[in-house]
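1. sequence and predicted structure below; questions after.
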Amino acid sequence: METFLTALPTIGDAFLLVFHPTQLMYLVAGVLLGLSIGVLPGLGGIAGLSLVLPFMFGMDPVSGLALMVGLIAVVPTSDTFSSVLMGIPGSSASQATVLDGFPLAKKGEAARALSAAFISSLYGGLLGALVLTFFIFIARPLILAFGLPEMLMITILGLSMVAILAGRVPLKGVVAAGMGLMAGTIGAAGAGGSLRMSTYDIPYLVDGLQLVIVGLGIYAIPEIVSLLRQDKPIASAGKLGLGWSQGLKDWWKNKWLSTKCAGIGVIVGVIPGLGGSVVDWIAYGYTVQSSKNRENFGQGDVRGIIGPESSNNAKEGGGLVPTLIFGIPGSGSMAVFLGGLALLGLSPGPHMVRQDLSTTYTIVWSLALANVIGAGLCIVLSKQIAKLTTIRFTLLAPYLFMIIAFAAFQSRQSIGDLIALVAIGFLGIFLRRFDYSRPAFLIGFVLSNQAESFANMANQIAGARFRRGFDVGLEYIASPLVLILLVLTIVSIIFGIRNAKNIRENIDAPTGTKRGPVIFLLVVTAYIAVSLWDASTITRFGDKIFPMVVGTVTLIGCLLLLLRMRLKPETDDVFIDLEAGGPDAEAPHGLWRTLAWFIGLLCLTGLFGLVIALAIFFVAFFRLRGGLGWAASATYAAAGVAFMLFLAWVLGREFPPGLLQAYTNLPWPLR
């Protein structure tokens with residue numbers, strides 16, 4: 001009670017901040033952006049946050065928080081449109097919704113499915129925010145007991161879960177997380193400044209890779225390229241039918257199921273690293289197992305929508321628990337959210353909860369309010385959004401490429417940003433194709449610097465303690481909390497190995513020949529081996545030990561995967577290849593021809609600057625790939641360039657220059 005009374009004034013301050021007109025405006029802007037991104041299949045909160053991340057510089061912290069929270073809160077709601085209307089998961093958190101949502105839409109009951117999904121998402125989001133509010137009360141005393149060894153151990157716990165609970169083949173999760181950790185070590189070491197996998201001859205790499213580049217490359221580019229290859233509308237029809245009130249009645253009839261699944265979402269969200277790739281499947285499995293009559297599941301049972309949709313919004317509240325309290329991302333989107341907090345000058349973790357509780361609660365209640373606004377807008381705008389899904393994705397993709405290139409350039413204002421974006425985009429495409437966990441890679445990348453910093457500082461302090469006495473040192477590194485977290489780490493690994501086959505990012509998993517997966521793994525193995533050798537040449541122990549340990553574990557994982565590939569037949573899950581079957585294999589356009597358009601845009605940018613490159617790219621793309629006439633191509637091109645000029649003018653941003661700008665003095669926006 002005393003804790004509650006102490007925190008009560010800060011809760012009041014948080015309410016005043018959340019309902020301030022300026023913050024409400026940014027929150028609504030974030031919600032609208034999240035709606036726009038969520039409608040496009042496959043992008044999700046990671047790509048959305050990565051797009052807004054470069055514009056966080058200089059923003060008021062509360063305004064920036066409102067923008068980001070509004071976006072991440074509504075994506076799990078709006079991604080329902082593509083799941084229901086066309087049977088393609090809007091994001092990894094809405095895969096299970098497809099199983100019953102799409103059959104309902106084919107029966108003419110899309111409105112009923114969407115209504116049940118939106119009210120379930122709203123309820124789950126509010127319950128997640130409520131749980132987070134009271135959890136902070138309970139957690140504050142516990143946080144005081146966390147020192148460096150405990151923070152290091154909970155980071156290892158998060159990494160162990162993300163690596164193991166990330167796919168059908170646990171070793172692929174280990175390798176993906178290890179690759180992310182190693183990518184995070186590129187550049188000058190934080191402790192001693194030793195260069196790792198970089199050189200002063202390429203200054204761009206000295207400062208390491210930027211989160212916005214990694215987020216866009218790993219997630220946005222692979223999904224946009226995949227959809228563009230289909231060359232068809234997102235949905236075949238824009239009609240929703242009737243049943244809005246019936247969907248609400250369905251939810252009320254199954255309100256206890258919704259509550260239980262929301263609780264599952266909160267629990268899964270709290271566990272670092274699980275997030276959207278698993279929560280909907282766990283909730284769907286519980287929904288089926290707890291139901292007496294199961295014969296209609298997969299054929300249009302509304303309970304198959306209520307369960308997963310209640311859980312995937314609740315998980316955002318749960319995901320904020322490790323993110324805010326310990327600085328450990330609860331999911332891929334929370335990993336990018338951490339980067340946004342850093343740009344706003346906020347440092348999540350025990351210090352933030354102890355010293356800046358009003359900001360913490362501002363985030364919590366912004367999440368709740370964003371869920372209310374998002375669900376309301378989804379219902380109001382459903383008919384218009386449904387019509388948007390009938391537009392050929394070929395007409396939308398060029399604008400997405402434009403925004404991605406512009407956002408990536410804001411990272412360092414260097415052409416190296418665009419080169420890095422293409423390189424990581426290639427990696428993202430292959431990770432998706434061969435079913436390596438992209439969330440594991442991203443969270444490993446985000447936690448890399450943090451894990452290394454905790455390890456170095458804990459090692460220095462422990463060394464000093466051990467010099468004073470063995471008992472003193474042992475007491476420091478083997479506290480009760482550390483031992484509890486160690487046990488949880490071991491349990492999570494055992495549990496993960498047993499259940500990995502039930503956790504998947506892709507619904508369909510065709511297997512092909514051994515050639516493609518083996519070649520990709522050999523390239524990954526070679527990179528890890530070179531990184532390991534590079535680390536071994538560093539003289540300063542503190543700068544080499546982390547990449548050497550991580551590299552060794554990852555290399556062992558690669559070798560074990562290669563051994564499994566040698567022993568198993570081509571039908572084994574280790575040979576999953578999305579190009580061997582399903583939508584990707586049947587796409588009318590090839591992967592490399594499609595990706596070549598994006599590469600062409602970046603090459604034109606390097607020659608002429610982004611504005612001129614966009615004008616050429618748009619006209620060529622709409623005319624040759626879109627099949628439009630010259631007049632229509634020029635009109636669409638002018639609209640895209642005008643939008644980009646307006647965006648840059650409002651935000652006060654510059655465009656990427658090319659060789660032309662280096663030799664001529666052009667006026668804005670061509671300079």
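-> Cool, got the structure. Residues are numbered from 1 along each chain as shown.

2. what separation is there between Gln450 and Ala596?
-> According to Cβ to Cβ, to the nearest Å, Gln450 stands 37 Å off from Ala596. Placement of C-beta: from N, CA and C, glycine included.

3. equivalent analysis for Trp533, please.
-> From Trp533 to Ala596 the distance is 34 Å (Cβ to Cβ).

4. ok, back up a step: from the neighbour counts alone, determine which of Gln450 and Ala596 ranks first.
-> For Gln450 versus Ala596, the count of surrounding residues by other Cβ atoms under 10 Å is larger for Gln450: 21 against 12.

5. which element is the residue lying closest to that one once chain neighbours are set aside on?
-> Nearest residue to Gln450 in three dimensions, chain neighbours excluded: Thr155, at 6.2 Å (Cβ to Cβ, 6 or more residues apart in numbering). Per DSSP states H and E, Thr155 falls inside helix 148-164.

6. what does Leu71 give?
-> helix 61-78.

7. helices or strands up against that helix?
-> For helix 61-78, the packing partners by 3 or more Cβ pairs under 8 Å, 6 or more residues apart in numbering; DSSP states H and E come out as helix 21-39, helix 44-52, helix 110-143, helix 303-326, helix 332-343, helix 357-380.

8. quickly, which of those bottoms out on average pLDDT?
-> Comparing mean pLDDT across the helices and strands packed on helix 61-78, the weakest is helix 44-52, with a mean of 70.

9. following the one helix or strand Phe81 maps to, which helix or strand shows up next?
-> Element membership of Phe81 [criterion: DSSP H and E] is helix 80-86. As assigned by DSSP H and E, the chain's next helix or strand after helix 80-86 is helix 95-106.

10. quick one: average confidence on that next one?
-> Helix 95-106 comes out at a mean pLDDT of 72.

11. which parts of it are buried?
-> The neighbour-count check on helix 95-106 (16 or more other Cβ atoms under 10 Å) flags 95-105 as buried.

12. so which helix or strand takes in the closest residue to Met151 other than its chain neighbours?
-> With Cβ to Cβ, 6+ apart as the criterion, Met151 has its nearest non-adjacent residue at 5.2 Å, and that residue is Phe454. For Phe454, the enclosing helix or strand under DSSP H and E is helix 438-468.

13. show me which residues of that helix are buried.
-> 438-459, 461-462, 465.

14. tally up the residues packed near Gly609, please.
-> That count, for Gly609 with other Cβ under 10 Å as the rule, works out to 23.

15. for Trp365, same thing?
-> 19.

16. what sits against the closest residue in space to it that isn't next to it in sequence?
-> Leaving aside its sequence neighbours, Trp365 sits nearest to Val18 (Cβ to Cβ, 6+ apart; 4.9 Å). Residues near Val18 by Cβ atoms under 8 Å, 6 or more residues apart in numbering: 24, 27, 66, 362, 365-366, 369.

17. thinking again about what came up before, give the other helices and strands that the helix or strand following the helix holding Thr155 contacts.
-> Counting by DSSP H and E, the element after helix 148-164 in chain order, helix or strand, is helix 170-184. Judged by 3+ Cβ pairs under 8 Å, 6+ apart, helix 170-184 is in contact with helix 148-164, helix 438-468, helix 480-499, helix 515-536, helix 541-567.
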